[in-house]
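>>> Need a 3D model of the sequence below.
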Amino acid sequence: MTRMNHDNASDRISDAPDSEPIPDIKTAKLPFDSTEALRQRWRALMGPLGFSEPCLWIAFIDDARLVPGALPRMTLPTVPDAHLIDTLITQLRTVTDDGHLSLAFLLTRPGRDGITARDLGWCRLLVSAAQRFGVPILPIHRANDVALLTIPIPVERAA
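Numbers count the residues shown, from 1 in each chain. Next comes the predicted model:
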């Protein structure tokens, strides 16, 4: 299971236009040891920001690295859905049961606003389900059309 330094996890919580450079895609394979480094891995994977629908991206983490291969994503309904998230986490538990893998989530959606109540609702459902089902997760991130940010909800209890 990956242990991370959560320093600076919520330093960027507003959505000023994203002027930071996009990290080279090759950096997505590098190990990470902090929430900010994980955010940078997501940023490298996403490339230019811009989304047409709300989605949840799932990354499998082994030994502080993204596991190579598929990066599953699912389209999300408009309103946070506890049953959907419980079902998802129950299925993902089969992958993490051996104790070697953790999960990282990225919520993406169209828009130029800050972190919304809906974003926080999805995040709380993910953290709650992970805690109840014993699934180790890392800090959750959200990207919209202008910025990729760490959602400021602690997940230590879930890991």
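
>>> Would you list the strands that the lowest-mean-pLDDT helix or strand in the chain pairs with, along with their directions?
Least confident helix or strand of the chain, by mean pLDDT, DSSP states H and E, is strand 65-66 with a mean of 90. Using DSSP bridges, the strands paired with strand 65-66 are strand 55-62 (antiparallel).

>>> Contacts for the partner strand, please.
2, 41-42, 45, 66-67, 71-76, 88, 92, 95, 100-109, 122, 138 (C-beta atoms under 8 Å, 6 or more residues apart in numbering). Where C-beta positions appear, they are placed from N, C-alpha and C, glycine not excepted.

>>> same thing with stretch 78-88?
The contact list for stretch 78-88, computed with C-beta under 8 Å, 6+ apart, reads 54, 56, 74, 76-77, 118, 121-122, 124-126, 129, 132-133.

>>> mind listing which of the residues you listed are in strands?
Assigned to strands by DSSP state E, the following of those qualify: 56, 74.

>>> which stretches of the protein form helices?
35-46, 82-96, 117-133 (DSSP state H).

>>> Neighbours of L149, how many?
23 (other C-beta atoms under 10 Å).

>>> And stretch 51-65, end to end?
When the termini of stretch 51-65 are compared using C-alpha to C-alpha, to the nearest Å, they are 25 Å apart.

>>> in it, what counts as buried?
Using 16 or more other C-beta atoms under 10 Å as the test for burial, stretch 51-65 gives 54, 56-61, 64-65.

>>> No further questions, thank you.
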